[in-house]
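Asker: output the structure for:
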Amino acid sequence: MLHAVEASAYEVEVGSQRVRLPVVPLSADMALALLITVDMGIGFMDRAGAELAEMLRARDVEIVATVATMGIPVAIEVTRHLGLDQYVILHKTPKIHLADALTESVRSITTDAEQRLLFDRARIGDVHGRRVAIVDDVISTGASTGAALRLLRRIGADVVAIGTLVTEGSLWREALGADAELVSALGALPVFRPDGAGGLREDWRG
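Answerer: As a prediction, the model looks like this:
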């Protein structure tokens, strides 16, 4: 149980590192502990990337894929620690080189509107027929991960692993179905609900 005075932060272990994350309201009945990869520092991401890469190493990954934007630091470090050079990004915002992109619809927990994942057609050859690991900062509802899986498989990728710094709740297991078995995580977070007494309680389902 988190009481009102403690509700502004939550401590979690991410692999061998323990961090204190801000807890912010998402709606009147839900709050989230935010792990913002671009704010975590180079040292944290280097170690987290090394530890996540070690969890994925046995899958013989040939290339790493991620969803922009917070997954990019994870992809860079996991790629580096796996001894690979290239990674691919599934974008959420249109850019000039994505005018003819392959797309997949997605709705994430932190956005109100439906979005689209966009994959640059010029990068199809980097994933087609290759062993791909999808990595991300957080897997929560599984919506973004599921959309990434569908899009990558549609262009012929062999997705052999899914890696994340933390999972959030457990709804992602239902959303991913059998693909949930591909998931490796360095840590786990609950979502938070009002406890009726001015504080928050941990909700591990989501």
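Asker: got phi/psi on the nearest residue to residue 55 once chain neighbours are set aside?
Answerer: Take residue 55 and drop its neighbours on the chain: the residue closest to it by Cβ to Cβ, 6 or more residues apart in numbering is residue 184, 4.3 Å away. Just so you know, the C-beta spots here come from the backbone N, C-alpha and C atoms, and that holds for glycine as well. The phi/psi pair for residue 184 (degrees, to the nearest 10) reads phi -120, psi 140.
Asker: isn't residue 184 right up against residue 53?
Answerer: No: with contact defined as Cβ atoms under 8 Å, residue 184 does not count as touching residue 53 (10.2 Å).
Asker: okay, the two: which has more neighbours?
Answerer: Neighbours per residue, other Cβ atoms under 10 Å: of residue 184 and residue 53, the larger number sits with residue 53, 22 against 16.
Asker: okay, and that one sits in which element?
Answerer: Using DSSP states H and E, residue 53 sits within helix 42-56.
Asker: now the angle between helix 42-56 and the helix or strand that that helix is followed by, please.
Answerer: Reading on from helix 42-56 to the C-terminus, the next helix or strand found by DSSP H and E is strand 63-67. Taking axes from the mean of the first three to the mean of the last three Cα atoms, to 10 degrees, one finds that strand 63-67 is oriented at 120 degrees with respect to helix 42-56.
Asker: state the distance from residue 91 to residue 124.
Answerer: Applying Cβ to Cβ, to the nearest Å, the value for residue 91 to residue 124 is 14 Å.
Asker: ok, the two, which is more surrounded?
Answerer: Counted by other Cβ under 10 Å, residue 91 and residue 124 do not tie: residue 91 has more neighbours, with 19 against 14.
Asker: I figured the more buried one hits residue 106, correct?
Answerer: No: using Cβ under 8 Å as the test, residue 91 is too far from residue 106 to be in contact (11.4 Å).
Asker: which neighbours do these two have in common?
Answerer: By the contact definition Cβ atoms under 8 Å, 6 or more residues apart in numbering, residue 91 and residue 106 are jointly contacted by residue 117.
Asker: correct me if wrong, but residue 89 is in a strand.
Answerer: Yes: with DSSP: H, G, I helix; E, B strand; the rest coil as the criterion, residue 89 is part of a strand.
Asker: doesn't residue 72 make contact with it?
Answerer: Yes: with contact defined as Cβ under 8 Å, residue 89 reaches residue 72; the gap is 6.5 Å.
Asker: what about the helices in this structure?
Answerer: Ranges of helices in the chain, per DSSP state H, are 42-56, 72-81, 124-127, 143-154, 171-176.
Asker: ok, now which ones touch the most centrally placed residue in the chain?
Answerer: Relative to the mean C-alpha position of the chain, the nearest C-alpha, by Cα atoms, centre = their mean, is the one of residue 136, at 2.8 Å. For residue 136, the set of contacting residues under the criterion of Cβ under 8 Å, 6+ apart consists of 66-67, 70-71, 74, 144-145, 162-165.
Asker: so where is this protein shaky, pLDDT-wise?
Answerer: Applying pLDDT under 70 to the chain flags the ranges 1-7, 107-113.
Asker: the same query, at a cut-off of 90, please.
Answerer: Under the criterion of pLDDT under 90, the regions of the chain flagged as low confidence span 1-8, 106-115, 195-199, 206.
Asker: understood, closing this out.
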